[in-house]
Structures are given as C-alpha cells and as structure tokens.
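In: When you get a sec, could you give me coordinates for this:
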Amino acid sequence: MSAMALASARDTAFATIDGLTGLGLPPTPANYSVWHSHISGENPGLSRSIQDLVARAIPLTDELLSELWRRFCAPSSDPAVVSDASERLGRVMANIAETLSGAGAATAGFTEALGRFGDEIVAAVRMPDMAVVMREATRRMLSETKRMVEHSRGAEGGLRGSSREVQALRNDLEEARRQAMSDPLTSVANRKAFDDRLGKEMAAAAESGGDLALVLLDIDHFKRFNDSFGHVIGDEALKLVAHTLVASVKGRDLVARYGGEEFAVILPATSLAHALGLANGLGAAVKGRRMLLKSTGRDLGRITVSLGVARYRPGESPSDLVRRADAALYEAKNRGRDMACDESVVAAGARAAG
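Out: Here you go, the predicted structure:
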C-alpha cells in the first residue's frame, strides 16, 4: 500500500471512530463496518439509507445500525463449510498416504521376493535335487505373487474410495464457493461477486479498448412497501425483481444484489446508448410484473424501479464508475422515479447549474 493510500485509510478509520463517538455508539464490528462503508462512500445504497434516516430525524441506534449491517454488509459465506472441508480433506489425504505407504511396502517386499527367487533358481541348477528346490521356490513365488495381486486390489479399492471422497469434497467446495458468491435471498450474485467481476471486466475493457457499462437500480418506495405489507412480502418483492432482471439479460451480463433494495447489472461490450436502452427495458419488465398474495390472491400492485447508467472510462477505479452510475440513479429519483437516466444527463445538469 502506498503512503498516500495508507494515510487515506488511516484518516477514514479515525473519521469512522469519531463518527460513532459523536452518535454515542460503541465501535462494535457491525457498527464500525456500517459507518466505515458510509464514510468511505463505497456503498451508496447504505449511505442513502443513513441520509434518509437523518433527514427524518430518526436517531441512529445500535439496533438500526445492526439492521443496516444485515442489509448492506453481512457476508453470506458460512465459515463452518470451510472448517468441515478442511477436516474432510485432512482425512482423505491421510487415507491416501496410508494406502500408498502400504502399497509401497508391499511392492518393496515383492521385489525382494523376486530377487530371492532368481537366486534360488540359479543355485538350484547346481543342486542334485534341483527339481525339488525349484518346485519349492516356485511355490513361494506364486504365493508372493498372489499376495501382491490381492494387496494391489485392496490398494486400488482404497484409492478408488479416496477418489470418490475427493470428488464429493470438490463438489461441496464448489457449492460453498457458489453460495459465498450468491445472495442468499434472491440467488443472484452478491456484493463480493459484483466487486470481483466488475474489476475483471474493467481490466478486460482497458486492455481491449472495448465498451463496458454499469446499471444501478433501486426499488422505488421500498420502505413504504415493507411498512404496508411486511418484510416477508418485501423479500418476495426483492426476489421478483431479481428474477425479472436475470430473465432480461444474457451472455456475460451479470445481475447482482448491490445492497438492500439496490441491484446492479454489469454489461460488458455495451455502449452507453445501448445500456440506457437496456435499462429502460429492465424498468418496463419489472413494472410489467404484478405482486399477488398467494394465500388470498390479493393484488399488491406493481413494483417500479429507478435506474442509473454509466460507461467505463479507461484508467478510472471501480468506485468512480459506481459513483457516476449512482449519481444517474439519484437523478432518476429526483425526476419522479420509475425511469432510467444515464450519466450524460447528470453532466448536462451540472453544466447548466454552473
């Protein structure tokens, strides 16, 4: 880390502690994580939620920050999976080592027996009872050969069992990796998967000189929806939006839950104009779905989303791209919601204001 980056990280850490102290809140891991994300600007959805609470003069308590942490910061991977995998891998490696060690010892013994057999045959040629000696030596050699064959079968079976266990372990670890990169509620990519993929796509676009666009979208009036129908129905609304987005994109496009009620769509090889067109299509697709209460058939109405679109600029950081997409999303909300805006609208507005 460079001296400048280290100083910036230190300043952010101090500002985080000072901010929590000013609120009268202890710097617990959850509180620190929330306030650090807010201070650093790395999670715009979280910052907007905090700003909304402050604007409505709602006190920021431990309970509120814990809820914000669960919505925006909580990891989805399970450490128990990693621990279990480590233990299982240790057992498999021990079994393989034991099997190979036994096979090695048996092979060495068989090689020694072959040597003795050869010596006995050479010596028997000079003996009067050559036939008896050779018969006995041959009997022992056949016995050794049979023992080696049986042991080899046992070793083969042991290795085959270990191979099955390794394959099962690989499958479980792959599932754990998938879960660690997926949002547990909506099953789309989570924030970690989004960050990883965005970095890779930006590097690819920088190398190739190709286009890359980002769409951020937020469910309109989601808090009001939750307050009216409850969190269970709110979760169903999040799932509906996620599934609609996934069904509306293709190829290398990635849909991710960015945090809370905010989603992101990474669009490789897509210009700003095409990304804006796709964003409008995504908004229309979501609005075209109705929420129905399964137990009663009650129509809960339609969900709308606001969307912001930005295009990658060579040399910029992921946070720069996200910040511009978020500014475009905020502009869409300012203009009445249920629409998409791209970064050019924000830039035009800034020039007009200037």
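In: What about the nearest residue to residue 290 once chain neighbours are set aside, how many residues nearby?
Out: Closest residue to residue 290 apart from its sequence neighbours, by CB to CB, 6 or more residues apart in numbering: residue 302 at 5.7 Å. To be clear about C-beta, it is placed using only N, CA and C from the backbone, and glycine gets the same treatment. Around residue 302 there are 12 other residues, counting by other CB atoms under 10 Å.
In: And residue 302, its phi and psi?
Out: Per-residue torsions, residue 302: phi -110, psi 150 (degrees, to the nearest 10).
In: wouldn't it be in contact with residue 285 here?
Out: No: counting by CB atoms under 8 Å, residue 302 sits too far from residue 285 to count as a contact (11.4 Å).
In: between the two, what contacts are shared?
Out: Counting by CB atoms under 8 Å, 6 or more residues apart in numbering, residue 302 and residue 285 have no shared contacts at all.
In: sorry, back to before: can you tell me how far the residue nearest to residue 290 is from residue 188?
Out: Separation of residue 302 from residue 188 (CB to CB, to the nearest Å) stands at 21 Å.
In: distance between the ends of stretch 46-63?
Out: Start-to-end span of stretch 46-63 (CA to CA, to the nearest Å) is 15 Å.
In: Just the residues contacting that stretch, thanks.
Out: Stretch 46-63 is contacted from outside by 23, 25-26, 28, 31, 34, 37-38, 41, 64, 68, 71-73, 223, 259-260, 330, using CB under 8 Å, 6+ apart.
In: Just the buried ones from those residues?
Out: 25, 31, 34, 37-38, 64, 68, 71-73, 259-260, 330 (16 or more other CB atoms under 10 Å).
In: Which two among the residues you listed are spaced furthest apart?
Out: 25 and 330 (26.8 Å; CB to CB).
In: which of the residues in the helix or strand containing residue 244 are buried?
Out: If you go by DSSP states H and E, residue 244 is part of helix 231-248. Within helix 231-248, the residues that count as buried by 16+ other CB under 10 Å are 234, 236, 237, 238, 240, 241, 242, 244, 245, 246, 248.
In: what's the average pLDDT for the helix or strand that it is followed by?
Out: Following helix 231-248 in sequence order, the next helix or strand is strand 254-259 (DSSP H and E). Averaged across strand 254-259, the pLDDT comes to 94.
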